[in-house]
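Enquirer: using only what follows, build the 3D model:
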Amino acid sequence: MVKEQIGSWTIATDRNLSTPLLVSNSCYLALSNFFQNATPQLLAVTAEAQSHPSGLDSLFAQPWIWAAGGLGNIDECPLQVCLAGGTLRDSLVFASACVVPECTAFDLAADDFPARIDLASRQASNTEVINEKADLITGYVSAFERLADINEFLKTGWVCGEYKADWHVGNTLYVFLLCSLMILSCIGTFTKRSVRRRSPDEASSRVQSAIAHIEEKKEETTDHHHNGESTTSKSTTQSQFWAAWDMPAHVRKLCTRRPETACLDGLKFGSIVWVVLGHVVAIQSSTGPGYLNPSKFLPPNGFTTTLGGQLFFSARYAVDTFLCISGYLVVLILKRKLNRTPSISDILSLLAFRILRILPLYAMCLGFWMFVAPHLGSGPFWYQWQFYMEPCDQYWWTNFLFVNNFLPWGRPTTDSCFYHSWYLALDVQLFFLCGPWLVLLYLKSPQMGRRATAVLWCLSVVVTAFLSYTRKWSVNTLDGRASVLFDIEGYAKPHVRCQSYLAGMFVAMMPQLQQNRTNPAIAKTRALLLALFGLATMSLITVTGAYSRRACQFQELPSLSDCGSSWSPLATFLYTAFGRAIWSICIAVVMRLCLERQGGLVGSVLSWSIWTPLAHLSFGVYLIHPMVIFIWKLGDREKMTFRVFSYFMNFTSITVVSFVFSLVAALVVEFPFSALMRPLTERSKRWSGGGGNSPSIEATETVPLKYQSSYGTGRLMEAT
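Expert: The predicted structure is shown next:
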């Protein structure tokens, strides 16, 4: 039995049944006093506030979709709330109990608790008033007996009391830093605003004064001249520093649209919304109280078996779309920066700039996850924050080294610190492994660069297929051990995910499309429709049986049990091995046609200007939205009823809130630090010969291309 006690909060997890527990004497005496002294009204409220499961018969009747009938009225409990289940990250709470605060989770998990609570009720029965509340006591005690039977069968343990995260010096330092950034943004904004509001006459006077000052300096000695340069440089540096915190200027940059790659804005916005769509349902169904009616959500008869329900599972392809876009933009950026053979130090500097561009916002969000989020709520399910804090206590350093998709080794991605940030580690690793080297090869020989990229893509497909076959992987989420193995060994690993990244790089390396002289409209329409059909097929094909049976337990396999996918092993292998490759090809074709302004209606919709600011915020939304979901759901007091309409209302609310906080983070952290790093970027031009970077994340940097426009702003000339 694993025990843990923090203040008045206790958790007991059944892991070692060879060490039975016994009810403490303080708990037993408190129960006896409660039965003897409680009024009938207090007993009625206490009994009504907790769960009343019917017992094991109900569980056996619906073993895979059992929800125990609810958690009772937790807020009405006048004593202490204890939860049955939910003591592990992969288990859900199935019942609640209202019990005296002297009893801990260890007492309720004790082998003799049902006998001791029955004995305490019997000892109180010799009082005169006991007859008035005999039925209430009997019902109260019998509910605990049924809960004990279910808990012993499920072996999930108990949680009692109110969890409160500890406040340390690190929390104070982080809050101080966050407040300092906000103050700097306010000062910088008002400073620049006061400069803008100066009258033209005053500005002209200052210019004339500056000219006179320069003329005077020309007459001074060389030493005085150098002193003047130092003063001017210091003044300029101060001006640049405060300009970096000018929020209105950042808003204007946020809305700056690049017509030559405007279609990527639509893809980025759609992809981040799809990611949020999948994460909302995943966290709602598996975290906190869970669903009251899982049969309406889970297979074999729930919403996830319908055509629309497949979009929850196929949301994983949205990350591949981001990787494809990232690979494309990396080539464009490096083509500009590596226009001559650089040295090793130049390449290392480029890699360092890559990390520095994403690190400020990443560190801010990671700090918020570790130091602030666990203190923003309360409730009976709030203790589950500890499951997400424990990896950060040991492995926070892996996030700054961008290896958190590998460490802790042999564990699922959800066991890492700030677990959804595996994507950033993967993106940085692919940049290091592929970006500069393939682009350098491409600059020396475009044909060799394309061939090398294609060979690596094919190698990744072969490796993925080999591992899928030998390790029995499955990308279908509910396939038990097969899907767990894929999550541990392949889901966030570069040798599997690099297919989409390399496909994006290949698109950027391809020469400009030539118009088909015989029938150009039909040729491009056919290619686009075929790519869209491929994307739709990969998103929805799982409706054919991948989620037609009950969800497998972690140690079960669909091929050996009546659970998970009803596909044959061959079908599961083909989808796992080649699904991501097909997606990367199709999304690359769509990108290629839209970037060349041959995407028709699809390209026009993806290029709408409304997507531009939202796409620029997608990086922040990706980092922030899980925190919004957890803070919301772990503060619940009852199980949630799944309804499609209610789910989409929750999804819409979470998406909007995530974008709002992403905007704040961009204005206070991302854009200011990018502007502060701009002088370093300018100095790097000595060897790169390229232009400066935008103040947004590197994914917003592009190089204009020549094209003949069918939508957008018309012909653009190639950047010089």
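
Enquirer: any stretches of the stretch 501-650 of the chain with poor pLDDT?
Expert: 513-521 (pLDDT under 70).

Enquirer: one more pass at 80, please.
Expert: Along the stretch 501-650 of the chain, the model assigns pLDDT under 80 to residues 512-524.

Enquirer: any idea of the mean pLDDT in the helix or strand where Ala97 lies?
Expert: For Ala97, the host element (DSSP states H and E) is strand 93-99. For strand 93-99, mean pLDDT rounds to 87.

Enquirer: and it, what does it pack onto?
Expert: With contacts defined as 3 or more Cβ pairs under 8 Å, 6 or more residues apart in numbering; DSSP states H and E, strand 93-99 has these neighbours: helix 40-49, strand 80-85, helix 134-154. C-beta: built from backbone N, CA, C; applies to glycine.

Enquirer: neighbouring strands - and their directions - for that strand?
Expert: Partners of strand 93-99 in the sheet, by DSSP bridges, are strand 80-85 (antiparallel).

Enquirer: just give me the neighbour total for the closest residue to Tyr328 other than its chain neighbours.
Expert: Spatial nearest neighbour of Tyr328, chain neighbours left out: Gly504 (3.8 Å); criterion: Cβ to Cβ, 6 or more residues apart in numbering. For Gly504, the count of nearby residues is 27 (other Cβ atoms under 10 Å).

Enquirer: related to what we said a few turns ago, now, of the helices and strands packed on strand 93-99, which is deepest in the fold?
Expert: With neighbours defined as mean count of other Cβ atoms under 10 Å, the helices and strands packed on strand 93-99 peak in mean count at strand 80-85, which reaches a mean of 24.

Enquirer: can I get that one in CSV, CA atoms only?
Expert: What follows is strand 80-85, C-alpha atoms only, in CSV (Å, rounded to 0.1, in the frame of the first residue of the first chain):
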residue,chain,number,x,y,z
GLN,A,80,-14.8,15.4,4.8
VAL,A,81,-15.0,14.3,1.1
CYS,A,82,-13.2,11.1,0.2
LEU,A,83,-13.0,9.8,-3.3
ALA,A,84,-12.8,6.1,-4.4
GLY,A,85,-10.5,5.6,-7.4
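
Enquirer: quick one: average pLDDT of that strand?
Expert: Averaged across strand 80-85, the pLDDT comes to 88.

Enquirer: just want the angle from that strand to helix 40-49.
Expert: Computed by axes from the mean of the first three to the mean of the last three Cα atoms, to 10 degrees, the angle separating strand 80-85 from helix 40-49 equals 20 degrees.

Enquirer: name all residues that make contact with the residue sitting nearest the centre point of the chain.
Expert: Centroid check for the chain by Cα atoms, centre = their mean gives His420 as the closest residue, at 4.1 Å. Listed by Cβ atoms under 8 Å, 6 or more residues apart in numbering, the contact partners of His420 are His279, Tyr622, Leu623, Pro626.

Enquirer: from what I can see the last one touches His279, true?
Expert: If I follow you right, that is Pro626. Yes: counting by Cβ atoms under 8 Å, Pro626 touches His279, with 6.1 Å between them.

Enquirer: what's the spacing between Ser343 and Ala49?
Expert: Look at Ser343 and Ala49: by Cβ to Cβ, to the nearest Å, they are 71 Å apart.

Enquirer: I'd like to know how far the residue nearest to the centre of the chain sits from Trp369.
Expert: Relative to Trp369, and taking Cβ to Cβ, His420 is found at 10 Å.

Enquirer: likewise for Ser314?
Expert: From Ser314 across to Trp369, the span is 27 Å (Cβ to Cβ).

Enquirer: who has more neighbours, those two?
Expert: Legend: neighbour count by other Cβ under 10 Å for Ser314 and Trp369, higher for Trp369 (26 against 20).
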